[in-house]
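> can't give you the sequence, but here's the structure:
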């Protein structure tokens, strides 16, 4: 076992004496560390005897009391101050605070070197080091469970038993379990940690004990995952060893990395399946088998279209859905993320998708209605964008441009843009692109030509050709308004390759 403050004081060759904090004499010392930097407590990992020549000690009473409280909150076992060095006079308020906390304060006689104290602590810790090595080996041995059912629960429970502590791996920002199989952070514990999680100094630290109403708690980073936070609640004294805790965090990080690799493989397989399903390559039986494989009911699911995502969110949204326990299939095409989800996914979906994105959700469907449901989700996403809503369900959304259903939108697009789309497809022309650019450039021939890198006369010819094919007078505002409406609907309902052929 590690040496206690009382045992260290009893070593005659050191000649240490107690200045304050007698109630803490049974504190165990894991290490002796020297520092004269400001904010001495920021170098504490738990159980240390902090030794200083006095430069770290403020001269005023309030500063000294703050130092004592911060050291105890960080988990320091004791404070040793070099005699006849640079320490200011210790105030009565400081002594009272150390007695109350308690924080043992030791006087180091001049000229005893700090290394002598560190050597005594280290020598007494030899047996403890052997125990620590065996414990570390057992922690890494828990990784042998890789690939087993409920691996995450088995790993965290094994670590908790080894450390005699409760462990929570949570998202640093929302406190939700980082892994869907993880234990949720109790509400009272989350409230106690909130000031420390949100504070800038803590956010930059890798390892920090805190004294809260719930007792001593540890927060530490999980290597390889910046948004993963490990919260340790010891169930006994002494607290788990700092070195062992760092190894435990590394083991959790390795398991999270392995899980992320497996999740990415599954996401890729799901994307391949969905792309082929939209292309009409699966029969009903195969569709049902694949949906069940991904945890979705083939008789009732929804299609979701998400637009307005930044590039990094195309990969983070599926991960967040998984972390909230939602089975999904995802496919990125151009600027849209398509998702197959269980019915009523709103809570987990809204958490996973950034607030500035637009979400469209189809009516519940089965495998036979997949393509129609995709069109409904695109329509709903377009409605959300135009109405300034974050999420719109197809059957509940407001009318868009006076239209209320996919069929109405498709009919408008076919009537006004159908001849242009057919001409572009047959002649390899760019009439639709030219029309869109012409309207975006406020009907300026010159600006449209510049945007398309073509000649002004070419633009004039194409616009005249558009009028001929649609039968509309391109000089009339009413005609241009109709075409603009049709373009908005066409762009919003632009679907993955294979959809048009699949719908006939």
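Perfect, I can see it now. Predicted model, so just to flag it, every value in this text is computed and none were measured.
> OK, contacts around residue 85?
Taking C-beta atoms under 8 Å, 6 or more residues apart in numbering, we find residue 85 in contact with 53, 54, 110. The way it works is simple: take the backbone N, C-alpha and C, and place the C-beta from them, glycine included.
> same thing but at 6 Å, please
Under the criterion of C-beta atoms under 6 Å, 6 or more residues apart in numbering, the contact partners of residue 85 comprise 53, 54.
> sticking with it, tell me its helix or strand.
According to DSSP states H and E, residue 85 maps onto no helix or strand at all.
> now swap in residue 6 and tell me
Taking DSSP H and E as the criterion, residue 6 maps to helix 5-9.
> show me what the following helix or strand past that helix is in contact with.
Using DSSP H and E, the helix or strand that directly follows helix 5-9 along the chain is strand 17-20. Defining contact as C-beta under 6 Å, 6+ apart, one finds that strand 17-20 is touched by 95, 98, 99, 105, 107.
> next, the buried residues of strand 17-20.
With burial defined by 16 or more other C-beta atoms under 10 Å, the residues of strand 17-20 counted as buried are 18, 19, 20.
> low-scoring stretches of the stretch 101-250 of the chain, by residue?
Where the stretch 101-250 of the chain drops to pLDDT under 70, the residues are 127-128, 145-149, 197-206.
> which residues of it fall in helices?
Using DSSP state H, counting those that start in this stretch, the helices found in the stretch 101-250 of the chain span residues 114-124, 126-141, 151-163, 187-198, 200-203, 242-278.
> ditto for the stretch 351-500 of the chain
Listed in chain order, the helices found in the stretch 351-500 of the chain under DSSP H, counting those that start in this stretch are 370-387, 406-427, 431-440, 445-452, 456-470, 477-492, 499-503.
> who wins for most neighbours among the contacts of strand 17-20?
Scoring the contacts of strand 17-20 on neighbours with other C-beta atoms under 10 Å, the highest-scoring entry is residue 98 at 28 neighbours.
> what kind of secondary structure is that one in?
Assigned state for residue 98: helix (three-state reduction, DSSP: H, G, I helix; E, B strand; the rest coil).
> doesn't residue 211 make contact with residue 218?
No: the criterion here is C-beta atoms under 6 Å, and residue 218 misses it with residue 211 at 11.0 Å.
> compare the two (neighbour count), which wins?
The residue with more neighbours, out of residue 218 and residue 211, is residue 218; 23 against 16, by other C-beta under 10 Å.
> flag every buried residue along stretch 363-381.
Judged by neighbour count using 16+ other C-beta under 10 Å, the buried positions of stretch 363-381 are 363-367, 370-381.
> in which helix or strand does residue 76 reside?
In the assignment (DSSP H and E), residue 76 maps to no helix and no strand.
> sorry, back to before: contacts for the helix holding residue 6, please.
If you take C-beta under 6 Å, 6+ apart as the criterion, helix 5-9 is touched by 16, 25, 27, 78, 104.
> ok, stretch 120-140 next?
Counting contacts by C-beta under 6 Å, 6+ apart, the residues touching stretch 120-140 from outside are 2, 3, 11, 29, 32, 162, 241, 244, 247, 248, 251.
> state the pair within those that is farthest apart.
Farthest apart among the contacts of stretch 120-140 by C-beta to C-beta are 11 and 251. That separation is 36.7 Å.
> the more surrounded of those two?
More neighbours surround residue 251 than the other of residue 11 and residue 251, with 21 against 14 (other C-beta under 10 Å).
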